[in-house]
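S.K.: okay, sequence plus prediction incoming.
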Amino acid sequence: MVTKQEFIKDKKYLKLNEDGDFVIDYNSKIDIIDFHTHMSNVLPGKIVNPNIEGNQLKYETLPDMKDMDLSVPYWRKINPDEKKKGIISVIKFSLEGYKIFKDMANGGTYENCFKSQKDNMIKTNVVLPLSTKKSDRSMEALRLAKDYPNRFIAFCSVHPHDTEMKEKIYKYKTLGFKGLKLKITDMELKDDFKPLIELFKACYEVGFPVLLHTGSLTHIKRENTSNLMWKLLKSTKVEIFGKLLKELPSDFKFVFGHSGIAEYKLVAEYLKEFPSSYAELSCQSEDSIKYLINEVGYERLLYGSDWPALPQAITLSRVLLATEKNEDARSHILYKNAKDLLNI
Ligand SMILES: [Zn+2]
């Protein structure tokens with residue numbers, strides 16, 4: 001059994017804090033912007049008060065130590081023969097999702113957030129609410145930014161099937177939101193992408209950058225899955241969003257959330273095709289970040305962590321590794337590109 005202490009011994013830029021959580025091991029005076037974070041009150045379901053104290057965060061998205069491999073996106077050892085067959089796999093998949101969600105809602109508090117910001121030299125979190133058709137969590141994100149204007153920047157989240165979609169986007173612009181976030185799948189849209197394109201167009205009109213969860217795990221083979229599992233695994237694949245960009249003006253600012261996870265090479269291709277698109281790096285590896293820098297340059301890459309689903313330190317340490325001899329790339333990825341994109 002590998003302990004966390006043993007695991008990070010040879011991992012440059014990472015250490016453990018007094019609670020045994022991964023934190024950054026780096027000293028420099030930079031004001032980092034984390035472009036992908038959530039909080040306890042911006043998730044669907046019950047709104048959890050971020051002022052609650054004493055809740056512990058478990059980072060349920062991280063694999064167990066024995067399965068962890070920071071050299072690949074998603075940081076989970078790849079088993080090319082991984083099987084996800086039958087209904088049990090689907091149930092397990094849903095249960096894991098539920099556990100992650102519970103942990104984020106429980107641990108995404110001010111107390112934990114501020115500690116993580118301090119431990120990791122992060123000045124500002126871009127907070128991304130997750131709205132559904134029935135529950136719009138945008139105003140909760142705005143409340144955070146109003147309470148702590150130096151620590152948070154609020155994105156809104158409007159579902160494409162929201163009957164007041166357009167009015168809301170215009171209203172949210174005047175209220176001070178800086179962009180829009182959405183997590184949506186082709187299954188949920190039933191392969192009808194028109195409402196999503198309308199939403200993108202409204203965002204374009206008001207000048208909102210749009211960040212979507214993009215990407216899937218590509219190592220699982222079709223024959224090792226059931227039909228339903230395959231559909232689930234592919235439901236946020238990068239290709240869906242790349243195709244939609246063809247329907248939009250070339251200066252529409254789209255951010256590929258997670259840089260497409262295992263599909264980062266396809267994200268690089270789309271970044272070449274669409275000059276106003278960006279890639280947000282949460283859950284990427286040193287090598288995949290280097291790949292993106294080499295293919296598309298560093299001016300459209302954004303540091304993001306997906307906290308509190310994942311620790312802020314791990315992606316940050318991967319960015320530091322990937323930019324060891326390139327100070328300019330480092331400062332662009334850690335805050336300059338974000339400032340440009342957000343106009344701040
Ligand atoms: Zn996220």
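M.R.: That came in fine, so what should we check first?
S.K.: drop to CA atoms for contacts and neighbour counts, all remaining ones
M.R.: Noted.
S.K.: any idea how far Phe7 is from the closest residue to Met1 other than its chain neighbours?
M.R.: Nearest residue to Met1, sequence neighbours excluded (Cα to Cα, 6 or more residues apart in numbering): Lys66, at 6.9 Å. Taking Cα to Cα, to the nearest Å as the measure, Lys66 falls 9 Å from Phe7.
S.K.: what touches both of those two?
M.R.: Common neighbours of Lys66 and Phe7 are not found (criterion: Cα atoms under 8 Å, 6 or more residues apart in numbering).
S.K.: count the neighbours of the residue nearest to Met1 for me.
M.R.: 13 (other Cα atoms under 10 Å).
S.K.: same check on the one 10 residues further on?
M.R.: As a burial measure, Arg76 scores 18 neighbours (other Cα under 10 Å).
S.K.: for Ile47, same thing?
M.R.: So Ile47, with other Cα under 10 Å, has 14 neighbours.
S.K.: got the phi and psi for it?
M.R.: phi -80, psi 120 (degrees, to the nearest 10).
S.K.: enumerate every residue touching it.
M.R.: Counting by Cα under 8 Å, 6+ apart, Ile47 makes contact with 40-41, 105.
S.K.: can you check Phe177 too?
M.R.: 142, 153-156 are the contacts of Phe177 under Cα under 8 Å, 6+ apart.
S.K.: ok, 7 Å please
M.R.: Applying Cα atoms under 7 Å, 6 or more residues apart in numbering, we find Phe177 in contact with 154-156.
S.K.: narrow the residues you listed to those that are buried.
M.R.: Buried residues within the contacts of Phe177, counting neighbours by 16 or more other Cα atoms under 10 Å: 154-156.
S.K.: what are the ranges of the strands in the protein?
M.R.: 14-16, 22-24, 32-37, 122-127, 152-154, 180-182, 210-213, 254-257, 277-280, 301-302 (DSSP state E).
S.K.: got CSV for those, with mean pLDDT and distance to Ile78 too?
M.R.: Formatted as CSV, the strands of the chain follow (pLDDT from 0 to 100; distance: least, Cα to Cα, whole Å):
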stretch, mean pLDDT, distance to Ile78
strand 14-16, 97, 22
strand 22-24, 97, 22
strand 32-37, 98, 25
strand 122-127, 98, 30
strand 152-154, 98, 35
strand 180-182, 98, 28
strand 210-213, 98, 21
strand 254-257, 98, 21
strand 277-280, 98, 22
strand 301-302, 98, 25
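S.K.: select, out of those, the one closest to Val90.
M.R.: For the strands of the chain, the distance to Val90 is smallest for strand 210-213, at 20.2 Å, taking Cα to Cα.
S.K.: who's in contact with the closest one?
M.R.: In contact with strand 210-213 (Cα under 7 Å, 6+ apart) are residues 179-183, 253-258.
S.K.: can you check stretch 322-333 too?
M.R.: Residues contacting stretch 322-333 (Cα under 7 Å, 6+ apart): 286, 289-290, 298-299, 301-303, 320.
S.K.: ok, and the most crowded of the residues you listed?
M.R.: Counting neighbours by other Cα under 10 Å, Leu302 leads the contacts of stretch 322-333 with 30 neighbours.
S.K.: beta partners for that residue?
M.R.: On DSSP bridges, the residues paired with Leu302 through beta bridges are Glu280.
S.K.: hang on, the earlier thing: pick the one among the contacts of Phe177 closest to Ser71.
M.R.: Using Cα to Cα, the contacts of Phe177 come closest to Ser71 at Phe155, 30.6 Å.
S.K.: could you provide the contacts of Phe177 in a markdown table, with additional columns for distance to Phe114?
M.R.: Converted to a markdown table, the contacts of Phe177 look like this (distance: Cα to Cα, whole Å):
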| residue | distance to Phe114 |
| --- | --- |
| Ala154 | 16 |
| Phe155 | 19 |
| Cys156 | 21 |
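S.K.: and the nearest residue to Phe200 once chain neighbours are set aside, how close does it get to Lys325?
M.R.: Distance criterion Cα to Cα, 6+ apart; nearest residue to Phe200, sequence neighbours excluded, is Val210 at 7.5 Å. In this view, Val210 and Lys325 are 31 Å apart by Cα to Cα.
S.K.: just to revisit the earlier point, can you count the residues close to the residue nearest to Phe200?
M.R.: Residues near Val210, counting by other Cα under 10 Å, number 25.
S.K.: cool, Cys113 as well?
M.R.: 21.
S.K.: separation between it and Tyr264?
M.R.: Counting by Cα to Cα, the gap from Cys113 to Tyr264 is 28 Å.
S.K.: can you check Leu228 too?
M.R.: For Leu228, the distance to Tyr264 - Cα to Cα - is 24 Å.
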